[in-house]
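**Q** Build the 3D model from these lines:
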Amino acid sequence: MRTQTLEADIVVVGGGLAGVSAAVAAARQGKQVVLINNRPVLGGNSSSEVRVWVCGATAHGNQRWARETGIPGELYVENQFRNPEGNPVYWDDVVLDTVRREPNLTLFLNTDVSAVEAEGPEDARRIRSVTGWTMGSELRTVFQAPIFLDCTGDGLVGHLAGARYRLGKEGRAEFGEEWAPEEPVREFLGSTLLFYTKDHGKPVKYVAPESAIDISKTPIPRSRVIRSGDSGAHYWWVEWGGELDIVDDNERIRDELRGVILGIWDYIKNSGEFDADTLSLEWIGNLPGKREYRRFIGDYTLHQGDVIGQTAFDDGVAFGGWSIDLHPAQGMYAEGAGALQRFSEGLFEIPFRSLYSANVENLLVAGRDVSATHIAFGAARVMATCATMGEAAGTAAVLCLDHGVTPRQLHADHREDLRQTLLRWDASVLGVANDDPHDLARSARVSASSSLTEIAAGTDEDAELRPHPLADDLGIVLPVHPRLETIDVLVEASVDTTLVVEVYSTGKPQNVVPAVLEHATTLEVAAGPARWVRADVPFAPGAPQHGIVVLRANPDLSVRTTAPLPPGVLTLVRRADNDDRNVQISQDELLVQWPTKPLRGRALAFRAAPASAALAPERATSGYNRPFAGPNEWASAPMAAGRDEWLRLDWDAPVDAREVRLVFDDDVDLELNTLHHHRSPDEVIPQLVRDYRVEVLPAGASSTGTTGGTGEATWTTIADVAGNRMRHRIHPLPVGLGAISAARLVIGATNGAREARVIAFRVQA
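**A** Here you go, the predicted model:
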């Protein structure tokens, strides 16, 4: 046996998306990181070995402006470009390339950690090393580091180190959870195997093997929707093991799941009830995709009230938006629905205190082993949300080393530093304003070539307009800053009638639902062709936020829709929406009652007044990196051929700068599910800036011509980029350049959007 000892700054165990995001985050911030994975591919349940689609806060399009940024967002956008068909094998390499391009990151695949050396009393344990066995290489490695991350999903490292954890469901009284059972019970969300099919274009027979289970003798045919054309994660409900021990009984669970899949395929092929003559079974997973096992106890346990009530934490470092998604312990053999879901009205936060062990001093956790109750875990467990936890935990590990503190001490003394660092890296943080003392843009004067001041859609002469019957209540989400007074809509009436128009505020700043009625008015509409009608909708919230103008349903009226959506605008439809009949969704929430999906990507023809400052130049330095009480971005006027748009920073006194950080708009309302549950036709996000350059004005150099003009020779170009398809770009300033008095971003083209859009323009000291 070969044995080696390897020292690192940070050791991450588990190569799912939580572990990948943690390791990449720490490596990018300068630490020597080891990432250990017990499988030959990265990605965990999303890998080609298991093939679960990566879900997250967008919740299959139910949540608005909810897609993750930072490292999981980067993976999503790259997969959209490289893998528009949603091939799980191609996704493997999107993840692998992201890891391998980091020079500070050492990857160990096929390496199973089976031993942990820890010391100290029960309430103050400390990990000294973990030991892994690399199977094909017959190599035993002892990994030593001052700080460790358990991203294993099952929580193996923490378990071996003596970290306290929970198993099963808490009783209702412990956290006051309405959905919890009356008494604690050791039941879990089960595991799943998936399968893929192939159409051969000619008849293909299927002879069921002896291990196939006859599903006609089970509740499956009458309690689950089976379709011959579905495969992959459409069969997420092939789930079992919730009444067993997910780890101890893993092999038994796998065999049962495989037998049921073979039985389902026998039922599809040979029952005579399906059109499946030319279909064959191309692939079956052999590695159960686990949903739940150990959940570590941190200094805070996320619970149902935090998810549904959207608790705002002063140590919020990640967010989710998936529903509380609970499955029956009997899994596929349950008589009722395969899942019961309840949504929060918008995104919910995950606190840093849920990402470290309460009794192992140098252990951070992320992913399925987060400190949460079974109920809250139902919303936090999906992979993109796990990845946001991983990026936060990896960044926290870096700061623990930099400050020489434990995770608990980091929370006590440096939690705002953690949140600002995450914001600087464009991570998935919610409601965190830029308060970074090292961001010089915060003290600069901001100007631009132009700004989009009219919030409107479908007003151009060449706009493509489609009639849309006002059969349902419709909502126009639009940014309000400083006030809204009137809205014009294009309406056609078949008879003389009335139109009820209301304006609502959204409640919480991250929410996009008509929560509080602010004003209502009724308009008389005469019969006749489409015409513009004006409604008074006074709304002056006192600070930037989104408002929602609601047009109440009237079968005698139709409106016009157009595309694309302007910045900061969405369309809501009051209509029940559920695209998976195996799921029972609670209809109590406004979020569910007002989906965007029926008119996603389209706007009503409207124009709001007065002129808006919601997309003014200073919004690019306002601090938030995502929609939160408004779009939080600068948008230019529609770009004209041959004319650049620019955004400029000027300082009263020269400043010493190290780098420029840019965040462009990649439409976080668009779901980019890795296997493309919803398909987008655009391989590159149209809203992203495509061609740009970054220039700085050295101290003492003159800037001739009009402010921001782009022809002066005294500007120094530090970056000239063509064909950009990324959201977050970092450009270092040349060594020896000296102090600067101004910086500007000059934009030549977008990837399709009419306006140049910039979310953040930072200049780091």
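
**Q** from here on, contacts and neighbour counts on C-alpha atoms
**A** OK.

**Q** By average pLDDT, which secondary structure element in the protein comes out worst?
**A** strand 583-585 (a mean of 91; mean pLDDT, DSSP states H and E).

**Q** can you pull the contacts of the residue nearest to D369 when sequence neighbours are not counted?
**A** Closest residue to D369 apart from its sequence neighbours, by C-alpha to C-alpha, 6 or more residues apart in numbering: R295 at 4.2 Å. Residues in contact with R295 (C-alpha atoms under 8 Å, 6 or more residues apart in numbering) are 155, 165-167, 368-373.

**Q** just to revisit the earlier point, run through the neighbouring helices and strands of the least confident helix or strand of the chain.
**A** Applying 3 or more C-alpha pairs under 8 Å, 6 or more residues apart in numbering; DSSP states H and E, we find strand 583-585 packed against strand 339-342.

**Q** which outside residues touch the strand it packs on?
**A** Contacting residues not belonging to strand 339-342 are listed as 323-328, 582-586, 589 [C-alpha under 8 Å, 6+ apart].

**Q** what about that strand, average pLDDT?
**A** What strand 339-342 shows for mean pLDDT is 95.

**Q** swap in stretch 227-247?
**A** pLDDT averaged over stretch 227-247 gives 93.

**Q** Give me the distance between the two termini of it.
**A** 31 Å (C-alpha to C-alpha, to the nearest Å).

**Q** cool, and stretch 102-121?
**A** End-to-end distance for stretch 102-121: 37 Å, by C-alpha to C-alpha.

**Q** Identify the residues contacting it?
**A** 13, 23-24, 27-28, 30-41, 99-100, 125-136, 157, 160-161.

**Q** Over to the residue nearest to T111 when sequence neighbours are not counted: give its phi and psi.
**A** With sequence-adjacent residues excluded and distances taken as C-alpha to C-alpha, 6+ apart, T111 is closest to T134, at 4.1 Å. For T134, the backbone dihedrals (degrees, to the nearest 10) come out as phi -90, psi 110.

**Q** Quick one: neighbours of T134, just the number.
**A** When counting by other C-alpha atoms under 10 Å, one arrives at 19 neighbours for T134.

**Q** Equivalent analysis for the one 4 residues further on, please.
**A** Using other C-alpha under 10 Å, E138 has 12 neighbouring residues.

**Q** hang on, it packs against G132?
**A** No - E138 lies out of contact with G132 (C-alpha atoms under 8 Å); the separation is 10.4 Å.

**Q** Quick check: neighbours shared by the two?
**A** Contact criterion C-alpha under 8 Å, 6+ apart; residues shared by E138 and G132: none found.

**Q** Now do the same contact list for P72.
**A** So P72 contacts 17, 21, 384, 387-388 (C-alpha under 8 Å, 6+ apart).

**Q** Name the nearest residue to I685, ignoring sequence neighbours.
**A** Of all residues not flanking I685 in the chain, D666 sits nearest, at 5.8 Å (C-alpha to C-alpha, 6+ apart).

**Q** Would you mind confirming that the one you found makes contact with D682?
**A** No - judged on C-alpha under 8 Å, D666 makes no contact with D682 at a distance of 11.4 Å.

**Q** And the two? Which one has more around it.
**A** More crowded of D666 and D682, by other C-alpha under 10 Å: D666, with 24 against 12.

**Q** Return the distance of that one relative to E68.
**A** Distance from D666 to E68, by C-alpha to C-alpha: 11 Å.

**Q** hmm, which of the contacts of P72 are the buried ones?
**A** Neighbour counting with 16 or more other C-alpha atoms under 10 Å marks 17, 21, 384, 387-388 as buried within those.

**Q** Among those, find me the one that's closest to G61.
**A** Closest approach between the buried ones among the contacts of P72 and G61, by C-alpha to C-alpha: A384, at 13.8 Å.

**Q** right, and the closest one touches G56 too?
**A** Yes - taking contacts as C-alpha under 8 Å, A384 lies within contact range of G56: 4.5 Å.

**Q** Now the common contact residues for those two.
**A** Contact criterion C-alpha under 8 Å, 6+ apart; residues shared by A384 and G56: E68.

**Q** Let me see the contact set for the nearest residue to K290 once chain neighbours are set aside.
**A** Spatially, and ignoring its direct neighbours in sequence, K290 is nearest to S191 (4.4 Å; C-alpha to C-alpha, 6+ apart). Contact analysis of S191 by C-alpha under 8 Å, 6+ apart lists 239-242, 246, 253, 288-291.

**Q** How about H676?
**A** 53, 84-86 are the contacts of H676 under C-alpha under 8 Å, 6+ apart.

**Q** just checking, it is part of a strand?
**A** No - the assignment for H676, made by DSSP: H, G, I helix; E, B strand; the rest coil, is coil rather than a strand.

**Q** got a pLDDT number for the nearest residue to V185 once chain neighbours are set aside?
**A** Nearest residue to V185 in three dimensions, chain neighbours excluded: K169, at 5.3 Å (C-alpha to C-alpha, 6+ apart). On pLDDT, K169 comes in at 98.

**Q** how close does K169 get to G390?
**A** 24 Å.

**Q** who has more neighbours, these two?
**A** G390 (35 against 19).

**Q** Give the helix, strand or coil label for the more buried one.
**A** Counting by three-state DSSP, the backbone at G390 sits in helix.

**Q** Next up, the contacts around it.
**A** 17-22, 151, 365-367.

**Q** if we can go back for a sec, show me what the residue nearest to T111 bridges to in the sheet.
**A** According to DSSP bridges, the residues that bridge with T134 are T111, L139.

**Q** so where do the strands sit in the stretch 601-750 of the chain?
**A** 603-604, 606-609, 634-635, 645-655, 659-664, 689-698, 716-721, 728-732, 740-750 (DSSP state E, counting those that start in this stretch).

**Q** right, so of the ones you listed, which gets closest to T561?
**A** strand 603-604 (4.3 Å).

**Q** circling back: now the two most distant members of the contacts of strand 339-342.
**A** P328 and E589 (22.0 Å).

**Q** if we can go back for a sec, what's the distance between the residue nearest to D369 and Y76?
**A** 27 Å.

**Q** again, but for T453
**A** Here T453 is placed at a distance of 31 Å from Y76 (C-alpha to C-alpha).

**Q** Same check on P538?
**A** 39 Å.

**Q** just V503 next, same as before
**A** Counting by C-alpha to C-alpha, the gap from V503 to Y76 is 35 Å.

**Q** So for those two, which residue has more residues nearby?
**A** Higher neighbour count among V503 and Y76: V503, with 26 against 23, using other C-alpha under 10 Å.

**Q** Three-state assignment for the more buried one, please.
**A** Strictly by three-state DSSP, V503 counts as strand.
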